[in-house]
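> Need coordinates for the following:
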Amino acid sequence: MDTSEASNPVVVAVLNQKGGVGKTTSVVNIGAGLALAGRRVLLVDLDPQGHLGLHLGVDPDPTAPSAYDVLVDPTTRLEDALLKEVRPGLDVLPSTVDLAGAEVELTSVADPHGQLAAKITGAEQNWDVVILDCPPSLGHLTMNALVAADEVFVPMQAHFLALQGVGRLLETVGRVVRSVNQQLQVTGIILCMHEKQTTLGREIESDLEQFLQSTRHSGEPWSNCRVLRPAIRRNIKLAEAPSFGQSIFDYAPTCPGAVDYRRLAEGLSRDWVGAGKISAPPQVHTSVEVKPNPFAATPTDMVQPDLNQAESPPADAHGQD
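Residues are numbered from 1 along each chain as shown. This next block holds a predicted model:
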């Protein structure tokens, strides 16, 4: 990566205390989409399950430094643990199961919640965007993400209980803002596995929009939050891609999930450029290295998706991580 012009990246924490809502899927595919749009991106796996690395086919050396070492060892730099150029423009800080121990070890550190922020600030690499994949719990790992972040994205499904959970999550972020990071803002809701053709999907989406609109001048950390567009349509390809260690752009680049995530990533890039948070990309990556996929459709089977038609979920399509 070019480090000739150092700049502060946009740091985004992707957070939901409920599992299975599309959190890691969104981190991987938004990051990959931003890299395709010419951004320099770092993905940080703060979940001891290590699903982010698995999704991208990363098999970290167990003897090499990882996110655990970056958080608990003052002498380990972020650069020491990076897997560089996992995809063009895309670096990864991998996680291992050892990261679970950081929850205990960080309790004895003078600044247990500021370790990641310090390492990102001191990094020599020059990223446009850093995306933090948070675990589904509010411990020291998630608090490190919220202290380091400028923005929070909340992935969710358009279900009634999920809508109630978002309200509680916003209250939690509000407490963090008041105590440790007064600049933090919840700026985006990502609707995952969305079925806009259903009455429930449309009603929950409308209720969410009305709630966010009602907070516009409240002064709360989510007063500028919006539903990010497009919503990510339910798509079995998104659930299949991790088993091949691929982003959706590697696995099925013309499927509705790939179309939606690419449009979402390009929209975020434009918004950040327009807000002066990042500069315009010097170049755009137009291709990715695709691993062999024995289940991929042949050229005669490939059909350009109807972007106005949501894909119906197959019978075995369940949640995405």
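
> rest of the way, CA atoms for contacts and neighbours
Fine.

> Helices of this protein, residue ranges please.
Using DSSP state H, the helices of the chain run over residues 23-36, 51-55, 67-72, 78-81, 102-105, 115-121, 140-148, 160-179, 199-214, 236-240, 248-251, 256-274.

> Out of those, which one sits most buried?
Comparing these by mean neighbour count (mean count of other Cα atoms under 10 Å), helix 23-36 ranks first with a mean of 27.

> got the angle for that helix vs helix 256-274?
60 degrees (axes from the mean of the first three to the mean of the last three Cα atoms, to 10 degrees).

> circling back: comparing the helices of the chain, which yields the minimum mean pLDDT?
Lowest mean pLDDT of the helices of the chain: helix 160-179, a mean of 79.

> which strands and helices sit next to that one?
strand 151-156, helix 199-214 (3 or more Cα pairs under 8 Å, 6 or more residues apart in numbering; DSSP states H and E).

> To residue 237, which of these lies closest?
For the helices and strands packed on helix 160-179, the distance to residue 237 is smallest for strand 151-156, at 18.1 Å, taking Cα to Cα.

> in its sheet, what does the closest one sit against?
strand 10-14 (parallel), strand 185-191 (parallel) (DSSP bridges).

> I'd like these laid out as a markdown table, including distance to residue 99.
Output for the strands paired with strand 151-156, formatted as a markdown table (distance: least, Cα to Cα, whole Å):
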| stretch | distance to residue 99 |
| --- | --- |
| strand 10-14 | 17 |
| strand 185-191 | 26 |
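
> Take the ones you listed and write them to TSV, including mean pLDDT and distance to residue 170.
TSV is the format used below for these (pLDDT from 0 to 100; distance: least, Cα to Cα, whole Å):
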stretch	mean pLDDT	distance to residue 170
strand 10-14	97	13
strand 185-191	93	8
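
> Include distance to residue 152 and mean neighbour count when you put those into JSON lines, please.
Listed next are the strands paired with strand 151-156 as JSON lines, based on distance: least, Cα to Cα, whole Å; neighbours: other Cα atoms under 10 Å:
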{"stretch": "strand 10-14", "distance to residue 152": "5", "mean neighbour count": "24"}
{"stretch": "strand 185-191", "distance to residue 152": "5", "mean neighbour count": "23"}
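
> circling back to that earlier point, got the helices and strands packed on helix 160-179 as JSON lines, with distance to residue 262 columns?
Listed next are these as JSON lines, based on distance: least, Cα to Cα, whole Å:
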{"stretch": "strand 151-156", "distance to residue 262": "16"}
{"stretch": "helix 199-214", "distance to residue 262": "21"}
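
> out of those, nearest to residue 267?
strand 151-156 (14.2 Å).

> Which residues does the closest one contact?
10-16, 21-23, 26, 146, 162-163, 166, 184-192 (Cα atoms under 8 Å, 6 or more residues apart in numbering).

> and residue 280, how many neighbours does it have?
Using other Cα atoms under 10 Å, the number of residues around residue 280 comes to 15.
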